[in-house]
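# Sequence and predicted structure are below.
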Amino acid sequence: MAQYVFHPAATRGFADHGWLKSYQTFSFAGYYNPQRINFGALRVLNDDIVSGGGGFGEHPHDNMEIISIPLEGELKHRDSMENAAVIKPGEIQVMSAGTGIYHTEFNKDKNKAVKFLQIWLYPNKRNVQPRYNQINIDNNIKNVLHQILSPDPMDEGVWIHQDAWFHKGDITAGNTVAYQIKKEGNGVYVFVISGSLIVDDHQLDTRDGLGVWDTRNITITASTDAVVLLMDVPMEVDF
């Protein structure tokens, strides 16, 4: 029988650093909730707003798969692998931190905020060679769940060192899409970027999250026009 955990948007952690406002689905930095450490391999899901000209100074990461999905504005990236890039809405960025990297992220615009999702997953391999990639995932076809991440370098989207699959969909009101979890032992975390929808009889609104496991299929019906992110991840992690 399917199991569910519901995380309403209003129950997330929140940090206000002036230049950064961060809403945190799982325990992160100053926000700690022992009931909300992770969802399987999904460790961090931060909904970040960086003010004009603000940003994260150089800081390290290791042994984590880090994904950034811009929602508004443009984010400048620079790292110790000599990558320098700008990521914008319609793109996805991935870093395998592996043995260790340093990087910075800054709002490219001095006057307008940038909004993006910062997502961390535990990897299935430790101390890999660090790497960076970003691709365009913009797709105008509605009512389809588009794959934007997988464990296979030859598959659609970016790839990471974990048996995880991400899908993003723009679902119009009244339409229904079905999703089949990719691997036995995985669960799926549904995050509503905008709008309202129903997942297996559970009503979700903007920025709500719902974790589902012990099932292979879920059904999503849009109550209003909605944008949704699905994160299909192993529920058991050895890290």
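Looks like it arrived, so ask away.
# pretty sure Lys142 is touching Gly174, no?
No - the pair Lys142 / Gly174 is not scored as a contact, 11.8 Å apart, by CB atoms under 8 Å. Using the backbone N, CA and C atoms, a C-beta is placed for each residue, glycine as well.
# Give me the neighbour count for the residue nearest to Asp170 when sequence neighbours are not counted.
Counting by CB to CB, 6 or more residues apart in numbering, Asp170 lies nearest to Lys142, which is 4.9 Å off, once chain neighbours are set aside. Neighbours of Lys142 under the rule other CB atoms under 10 Å: 13.
# For Lys142, list the residues it contacts.
170-172, 175 (CB atoms under 8 Å, 6 or more residues apart in numbering).
# Could you identify which of those residues has the most neighbours?
When neighbours are counted by other CB under 10 Å, Ile171 leads these with 23 neighbours.
# If that residue is in a bridge, with which residues?
Under DSSP bridges, the beta-bridge partners of Ile171 are Ala226.
# Was I right to think it contacts Ala222?
Yes - between Ile171 and Ala222 there is a contact under CB under 8 Å: 4.0 Å.
# what touches both of those two?
Going by CB under 8 Å, 6+ apart, residues that sit against Ile171 and also against Ala222 are 195, 197.
# which among the contacts of Lys142 gets closest to Tyr4?
Ile171 (19.7 Å; CB to CB).
# so which helix or strand takes in Lys168?
strand 165-171 (DSSP states H and E).
# So which elements touch that strand?
strand 145-150, strand 176-180, strand 217-222, strand 226-234 (3 or more CB pairs under 8 Å, 6 or more residues apart in numbering; DSSP states H and E).
# Of these, which is nearest Gln118?
Using CB to CB, the nearest of the helices and strands packed on strand 165-171 to Gln118 is strand 226-234, at 12.6 Å.
# now the residue nearest to Asp170: how far from Met235?
30 Å (CB to CB, to the nearest Å).
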